[in-house]
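Undergrad: Would you be able to build a 3D model of this:
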Amino acid sequence: MQDLSLSIFDLAENGVKAGATAIGISVDRDEGGFLAIRIEDNGCGMDEEQLKKVRDPFYTTRTTRKVGLGIPLIDMLCSQCGGHLELSSRKGVGTRLCAFMEKDSIDLPPMGDLGQTVKVLVAAAPKVELKFSYRAATGRNFVFDTRQVREVLGDDADLSDARVAEWIGAYLDQEIKRADSALEEGEKL
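TA: Coordinates of the predicted model:
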């Protein structure tokens, strides 16, 4: 992957394809010296045998191709960046992935465009409840939740509508930039 946001997209998309109705994505830019990425879904989950094989790039449950690179690539990236990957899943319950990479590793790819990544995930799967939380190295954080968007726009709001998607993307870009910015004089966390 060229940047981490593309890996996040790929891994979250796995949850959508697994029938998830809710997906949580969390990015913490400095969790004890690590970049921590967590993706959790309530999709179909994996049994013990699948969970043992999922780090192998030549194992996939997809019928459209013979390799599955999302988890093997993030696993390799975690190792290259002095971190590790935690993966848990239960059949019929869902899957949880936690990727840890040293935040100052020379091998750490750029984050990429998280706001646009989340926007595309929401627009591509508008019925899935998506919660995105972001904690910057500054300590600032924010949470975006499609349930709150539906509270404002109404339960029948079409989150795939181009105008709604553009607003979501602009809002996320603004909040990520705000979280990443240094504290202004007199401002408190």
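
Undergrad: the helices in this structure, which residues?
TA: Per DSSP state H, the chain has helices spanning 4-17, 48-53, 70-80, 114-124, 146-153, 162-180. These are given in chain order.

Undergrad: Point out where this structure drops to low pLDDT.
TA: 1, 55-69, 182-189 (pLDDT under 70).

Undergrad: If we use 90, what do you get?
TA: Within the chain, the stretches with pLDDT under 90 are 1-2, 46-73, 138, 154-157, 182-189.

Undergrad: The helices of the chain into CSV, with extra columns for mean neighbour count and distance to residue 138?
TA: Yep, even glycine has a C-beta here, placed from its N, CA and C like the rest. Shown next, in CSV, are the helices of the chain (neighbours: other C-beta atoms under 10 Å; distance: least, C-beta to C-beta, whole Å):
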stretch, mean neighbour count, distance to residue 138
helix 4-17, 21, 18
helix 48-53, 12, 36
helix 70-80, 19, 24
helix 114-124, 21, 15
helix 146-153, 14, 23
helix 162-180, 16, 7
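
Undergrad: so which of those helices gets nearest residue 37?
TA: When those are compared for distance to residue 37 using C-beta to C-beta, the nearest one is helix 4-17, at 6.4 Å.

Undergrad: on contacts alone, who are the packing partners of the closest one?
TA: strand 22-31, strand 34-41, helix 70-80, strand 94-102, helix 114-124 (3 or more C-beta pairs under 8 Å, 6 or more residues apart in numbering; DSSP states H and E).

Undergrad: how big is the angle separating it from helix 114-124?
TA: 20 degrees (axes from the mean of the first three to the mean of the last three C-alpha atoms, to 10 degrees).
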